[in-house]
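A.B. asks: Below: sequence and its predicted model.
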Amino acid sequence: MVENQPGKEREVIDNVYRILASSLDVRDVMTAVHSELRRLLDSERMSIVLFEAAGGFRYYAPRKDNEAGELISGTVYSMKDTPFEQVLQKGLPLIVADTAKSNSWTGQKVMGEGILSVLVFPLEYKGKIFGAMNFGSSETGHFSEEHIPFLRQVAPGLSISIQNSLLVEEIGASEERYRTVVEGCHEGVIIVGDDYGLSYVNDMLAEITGYSREELMVMDFRTLLDEEDRKRVAEQCARMKRDEETPSRFELKGIRKDGEIRNVDIDSRVVKDSRGKKNTIAFVRDLTEKKRIEEQLVQTEKLRALGEMASGVAHDFNNALAVILGNTQLLLYTLKDEELRGTLQTIEKVAKGAAQTVRRLQDFTRKKTHDELFKLDVNPIVKDAVEITRPRWKDEAQKKGIRIDVLSNFEPIPLVEGNPSELREVITNIIFNAIEAMPEGGEIKIQTFRKRDKVFIQIADTGTGMTEEARKKAFEPFFTTKPFSNTGLGLSMSYGIIKRCGGDIEVATTVGRGTTFIISLPAAETEKESDAPLSIKNGKEARILLIDDEAPVRSVLTQILSQVNHQVKVAQDGEEGIRLFKEKEFDIVLTDLGMPGLSGLEVCRAIKKHSPGTPVGMITGWGTEIDRSQMEETGLDFLISKPFDFRQVLKVVAETIAIKEKHPMS
């Protein structure tokens, strides 16, 4: 398999292009090319075939170690019922996982030579597939789809080199035939005099620069370069006149006729004509696409590193939120003061909202799973968002000497389906956008209402408004009109959240007159459920071993479990937990995943080996990064993601103990 190594891919690609540039005949360098490619493909054979107009193919560059006697370079073979026929017809790469199962004569041929799997990749030039490169391995199933993106980066350069080779093969001894080759060369060719005037350019150079050949012939070569490279060329020419050694190959930034900057590779030689006048003959290759691919590889590496960092940050935040949310819910369970309960409920809602944000941060590093949707009353969610943003639209505004009023009108509306934390985040994002659009103060009007079978949330501000171009791009990722204060992700994420709920979000705006966001959600025609008070149903009292390296997490979990009289024994790492388990009897074990020394999965294996009937649950900030196969392999009974819910922990523990009582294991 191709490893995810952008640095190694760049090195191989650069080496392949360098090898191809060293010879006009690809066959001369095929061994070196294959040697580089096999660093990522690990293939044992490589060859190139060219397709003929009559429906056949011929081997263009067979390896010297290819013992296929009759597969002679230049001989045309039938393409019928071969992998090459499929590649030509479909224009797509083809993988033959097992040549023993192939019905083609080519498959049977290579199988007899010990090649058990094959990858055929099409070679294309100017929109036409003219051949294929073929890789063979002595292992069945050796090649996979993961090899394809890498070959897509190599194939264009190889195709051009083959085309150049084919042209060179047609060169005769005459000057006219030489000129024909230069004219048809797939690199720019230019002859520059001492005065920087151009005495010859070919069609490809005209294509690279965007100028016609006639326009180029009356131009100064320096006008095709940016200011910095003009100085470099002037310095090099001065050194050449002093007969100093100068590099023959270098990169420059060329300016096309339309103003676009292109990266070009210059391979030059100084020659004297019959009159002793010096001219520079240069081959010009456009590297812009190659540079773009390199930048994409660098960006991929940055995103991978960012993903790893995001995963670690999310874990730490989940531990912190577990302590905040757990203690808040403990206070809600015991406290009777209604005023303080309201404050605690706000903290609980914000903590849950933060947990959803962290979960989306974790989604950055893995494929997103489907979020569960609940039946919601929109009005209290909007009210929560207003309260959560109050410090911004009231306190901060007053510190700046401005005033922002928030007016609301909530009509009776039916329930909708959605995620409360996500919907609260959408409203919060829009309010924050409204605040930033009113640097001198203003008014935000929020109203909810129903029209037919839809629930509407309308948020209007009296701010600066948006241009029509900004309005069209408002929901695009990373688009922002405030680059130093905004990531440009808020509205795009909001758009995705509303769409997942089956709704829609629109924006109406006028420059200087404000912006209105209108969210519509399908109504769920069911009766509203009143908020149930936090209550706990007592189950069987249990002896619980709790293993976690975070003292605050151990403390809050111990307090939660003690509310229903569970007996809790704690351990700060896996080794201590296993020792305690062997010394005493426990009805259930709760463990963290990432701990110094033994991980939670290793703890689970050890406990299950010692006592298969003891349930083991994991409470972890790594969340759904543990997959079902890991749970089955270690015998893990259940998984609770941090930050956990007070009732969720007690409910799962009670259900697990009840199942154990009903189905005891020896």
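C.D. replies: It's in.

A.B. asks: Show the backbone phi and psi for Asp453.
C.D. replies: Asp453 adopts backbone torsions of phi -100, psi 20, taken as degrees, to the nearest 10.

A.B. asks: What of Gln572?
C.D. replies: phi -90, psi 0.

A.B. asks: Ranking helices and strands of the protein by mean pLDDT, which lands last?
C.D. replies: Here the helix or strand of the chain ranked lowest by mean pLDDT, DSSP states H and E is helix 175-184, holding a mean of 55.

A.B. asks: tell me the SS of Ile162?
C.D. replies: helix (DSSP: H, G, I helix; E, B strand; the rest coil).

A.B. asks: Disregarding residues adjacent in the polypeptide, which is nearest to it?
C.D. replies: With sequence-adjacent residues excluded and distances taken as Cβ to Cβ, 6 or more residues apart in numbering, Ile162 is closest to Val26, at 5.3 Å. From N, CA and C alone the C-beta is placed, and that goes for glycine too.

A.B. asks: next one: Glu417
C.D. replies: Nearest residue to Glu417, sequence neighbours excluded (Cβ to Cβ, 6+ apart): Leu373, at 4.5 Å.

A.B. asks: Touching stretch 123-133 from outside, list them.
C.D. replies: With Cβ atoms under 8 Å, 6 or more residues apart in numbering as the test, stretch 123-133 has contacts from 46-51, 57, 60, 84, 87-88, 91, 120-122, 151, 155-156, 158-160, 162-163.

A.B. asks: Stretch 258-275: which residues count as buried?
C.D. replies: 262-266, 268 (16 or more other Cβ atoms under 10 Å).

A.B. asks: Apologies, that question was intended for stretch 504-517.
C.D. replies: Of all the residues in stretch 504-517, those buried under the rule 16+ other Cβ under 10 Å are 505, 507, 509, 514-517.

A.B. asks: First-to-last residue distance for that stretch?
C.D. replies: Start-to-end span of stretch 504-517 (Cα to Cα, to the nearest Å) is 11 Å.

A.B. asks: now swap in stretch 134-148 and tell me
C.D. replies: In stretch 134-148, first residue to last residue: 12 Å (Cα to Cα).

A.B. asks: And the helices in the stretch 201-350 of the chain, which stretches?
C.D. replies: For the stretch 201-350 of the chain, the helices defined by DSSP state H, counting those that start in this stretch occupy 203-209, 213-216, 227-241, 288-334, 338-363.

A.B. asks: Indicate which one of these is closest to Glu583.
C.D. replies: Of all the helices of the stretch 201-350 of the chain, helix 288-334 sits nearest to Glu583, with 27.7 Å by Cβ to Cβ.

A.B. asks: per-residue confidence averaged over the closest one?
C.D. replies: Averaging pLDDT along helix 288-334 gives 72.

A.B. asks: now the residue nearest to Glu417: how far from Val323?
C.D. replies: Relative to Val323, Leu373 is positioned 28 Å away (Cβ to Cβ, to the nearest Å).

A.B. asks: domains of this protein?
C.D. replies: Per the record, the chain has its domains at 6-169, 175-286, 378-524, 543-662, by automatic domain parsing.

A.B. asks: As JSON lines, those with distance to Leu340 would be great.
C.D. replies: Conversion of these to JSON lines gives the following (distance: least, Cβ to Cβ, whole Å):
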{"stretch": "domain 6-169", "distance to Leu340": "54"}
{"stretch": "domain 175-286", "distance to Leu340": "63"}
{"stretch": "domain 378-524", "distance to Leu340": "16"}
{"stretch": "domain 543-662", "distance to Leu340": "17"}
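
A.B. asks: of these, which approaches Asn319 most closely?
C.D. replies: Closest to Asn319 of the domains of the chain is domain 543-662 (Cβ to Cβ; 4.9 Å).

A.B. asks: would you list every one of the strands in the stretch 401-550 of the chain?
C.D. replies: In the stretch 401-550 of the chain, the strands defined using DSSP state E, counting those that start in this stretch lie at 404-410, 415-418, 442-451, 454-461, 504-510, 514-524, 543-547.

A.B. asks: How about residues contacting the first one?
C.D. replies: When contacts are taken as Cβ under 8 Å, 6+ apart, the neighbours of strand 404-410 outside the stretch itself are 379, 382-383, 386, 393-394, 397, 431, 435, 438, 441-448.

A.B. asks: Just the buried ones among the residues you listed, please.
C.D. replies: Buried, going by 16+ other Cβ under 10 Å: 379, 382-383, 386, 393, 397, 431, 435, 438, 441-446, 448, out of the contacts of strand 404-410.

A.B. asks: circling back: mean pLDDT lowest for which of the domains of the chain?
C.D. replies: domain 175-286 (a mean of 79).

A.B. asks: Please state the offset of that domain from the chain centre?
C.D. replies: 40 Å (Cα atoms, centre = their mean, to the nearest Å).

A.B. asks: re the thing from before, quick one: closest of the strands of the stretch 401-550 of the chain to Lys584.
C.D. replies: Closest to Lys584 of the strands of the stretch 401-550 of the chain, according to Cβ to Cβ: strand 543-547, at 7.7 Å.

A.B. asks: right, and the helix or strand after that closest one?
C.D. replies: The helix or strand immediately downstream of strand 543-547 is helix 551-562, counting by DSSP states H and E.

A.B. asks: Convert the C-alpha atoms of that following helix to PDB, please.
C.D. replies: The C-alpha trace of helix 551-562 is given here as PDB (Å, rounded to 0.1, in the frame of the first residue of the first chain):
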ATOM      1  CA  ALA A 551      -8.100  13.400  39.800                       C
ATOM      2  CA  PRO A 552     -11.000  15.800  39.100                       C
ATOM      3  CA  VAL A 553     -12.700  13.300  36.800                       C
ATOM      4  CA  ARG A 554     -12.300  10.600  39.500                       C
ATOM      5  CA  SER A 555     -13.800  12.900  42.100                       C
ATOM      6  CA  VAL A 556     -16.900  13.900  40.100                       C
ATOM      7  CA  LEU A 557     -17.600  10.300  39.000                       C
ATOM      8  CA  THR A 558     -17.200   9.100  42.500                       C
ATOM      9  CA  GLN A 559     -19.700  11.700  43.700                       C
ATOM     10  CA  ILE A 560     -22.200  10.800  40.900                       C
ATOM     11  CA  LEU A 561     -22.000   7.100  41.600                       C
ATOM     12  CA  SER A 562     -22.300   7.700  45.400                       C
END
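
A.B. asks: if we can go back for a sec, comparing the helices of the stretch 201-350 of the chain, which comes out most buried?
C.D. replies: Most buried of the helices of the stretch 201-350 of the chain by mean neighbour count (mean count of other Cβ atoms under 10 Å) is helix 203-209; its value is a mean of 20.

A.B. asks: which other residues reach that one?
C.D. replies: The contact list for helix 203-209, computed with Cβ under 8 Å, 6+ apart, reads 183-190, 212-213, 216, 224, 254, 256-257, 262, 264, 284, 286.

A.B. asks: sorry, back to before: got the buried residues of stretch 504-517 as CSV, with distance to Ile619 columns?
C.D. replies: As requested, these are exported to CSV (distance: Cβ to Cβ, whole Å):
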residue, distance to Ile619
Ile505, 36
Val507, 42
Thr509, 46
Gly514, 47
Thr515, 43
Thr516, 44
Phe517, 38
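
A.B. asks: which of these sit farthest apart?
C.D. replies: Ile505 and Gly514 (17.0 Å).

A.B. asks: related to what we said a few turns ago, with only the CA atoms kept, save the next helix or strand after the least confident helix or strand of the chain in PDB.
C.D. replies: Using DSSP H and E, the next helix or strand after helix 175-184 towards the C-terminus is strand 188-193. Output in PDB follows, covering the C-alpha atoms of strand 188-193 (Å, rounded to 0.1, in the frame of the first residue of the first chain):
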ATOM      1  CA  GLY A 188       9.100  25.800 -25.200                       C
ATOM      2  CA  VAL A 189      12.200  26.500 -27.300                       C
ATOM      3  CA  ILE A 190      13.700  30.000 -27.500                       C
ATOM      4  CA  ILE A 191      16.900  31.600 -28.900                       C
ATOM      5  CA  VAL A 192      18.000  34.800 -27.100                       C
ATOM      6  CA  GLY A 193      20.700  37.200 -28.300                       C
END
